[in-house]
Structure formats: structure tokens, C-alpha cells
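Participant: give me a model of this one.
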Amino acid sequence: QVQLVESGGGLVQAGGSLRLSCAASGRTFSSYDMGWFRQAPGKEREFVAHINWRGSFTYYADSVKGRFTISRDNAKNTVYLQMNSLKPEDTAVYYCAAINSGSHYNPFAYDYWGQGTQVTVSS
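Facilitator: Alright, predicted model coming up:
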């Protein structure tokens, strides 16, 4: 079992930055690949970013590529999402999730989820 707790969300103006954190506890965090997803009201949960267990490979949705950076610190059992040049369309609840195996784009492949943190970008 892995417990995930997100933090760092909030209200920011367009063009601003936020850094989300996801603290993990429970079973060995470093053995899991990690992902960030987001869900806006009335929309499906969508893939944002993914990082492998070693932190050596990252993947991003086209909509955030060049603006967001995913990273992890296995010594601190934490994964981060640095979000720069935020846009109003980035407004959503952001979730971190842990995956053992499967497609990193597919939310149904992930094994554990956090409760989410709200990010609101004003224009």
C-alpha cells in the first residue's frame, strides 16, 4: 500500500508559477514510477507528466511540454511538478499517482492515487 498526499496548489495569475509536491508513505516509493494527472470540471482526468522510478525518463502531455517539469527525490519520498507560464486552461484538480507497470498515459493503469490539490489560474 502506498499513501500519496499532494500539496502546493492555489490561486495564481496567468503567467505565474506553482510547485506541486506529492509526499508518499507506505511501501517502497522508489520502486514505483509516478505520474501527475489533472481533472477540470466536466472533463475527464487527463495525463500531465510521468517520471520513471529512477528519475531518468520523463514524459509530458503536449499541452504542458516546455512549461512543466516533473522530478522526484527518492530520499524524501516525494515527487514534484514545477509549473511555469501557467494559463487559465491549466485550472484543474491535480493528482499524483503511482504505477507499477502499464501505460503511463492511462489513468486506469495506476495503482495508487492522492486526494488531489486545486490549481486555479486567473486571466
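Participant: how about low-confidence regions in the protein?
Facilitator: Filtered on pLDDT under 70, the chain yields the residue ranges 27.
Participant: tell me which stretches of the chain form strands.
Facilitator: 2-7, 10-13, 18-26, 33-39, 46-51, 58-60, 68-73, 78-83, 92-99, 112-113, 117-122 (DSSP state E).
Participant: so which of the ones you listed gets nearest Y105?
Facilitator: strand 46-51 (4.8 Å; C-beta to C-beta). Where you see a C-beta, it was placed from the backbone N, CA and C, and this is true even at glycine.
Participant: quick one: which of the strands of the chain is nearest N106?
Facilitator: Closest among the strands of the chain, using C-beta to C-beta: strand 46-51, at 7.9 Å.
Participant: how far off centre is the closest one?
Facilitator: Centroid separation between strand 46-51 and its chain, computed with C-alpha atoms, centre = their mean, to the nearest Å, is 6 Å.
Participant: so what touches that strand?
Facilitator: With contact meaning C-beta atoms under 8 Å, 6 or more residues apart in numbering, strand 46-51 is reached by 33-39, 57-61, 64, 68-72, 79, 81, 94, 104-107.
Participant: same thing but 10 Å
Facilitator: 20, 33-40, 57-61, 63-65, 68-72, 79-83, 90, 92, 94-97, 99, 103-107, 110 (C-beta atoms under 10 Å, 6 or more residues apart in numbering).
Participant: sheet-wise, list the partners of that strand with their directions.
Facilitator: strand 33-39 (antiparallel), strand 58-60 (antiparallel) (DSSP bridges).
Participant: counting neighbours, what do you get for the nearest residue to R72 once chain neighbours are set aside?
Facilitator: Nearest residue to R72, sequence neighbours excluded (C-beta to C-beta, 6 or more residues apart in numbering): V79, at 4.4 Å. Residues contacting V79 under the criterion other C-beta atoms under 10 Å number 29.
Participant: contact partners for the residue most central in space within the chain?
Facilitator: In the chain, the centroid-proximal residue (C-alpha atoms, centre = their mean) is W36; its distance is 2.3 Å. Each residue near W36 by C-beta under 10 Å, 6+ apart is listed here: 6, 20, 22, 47-51, 60-61, 64, 68, 70, 79-81, 83, 94-97, 114.
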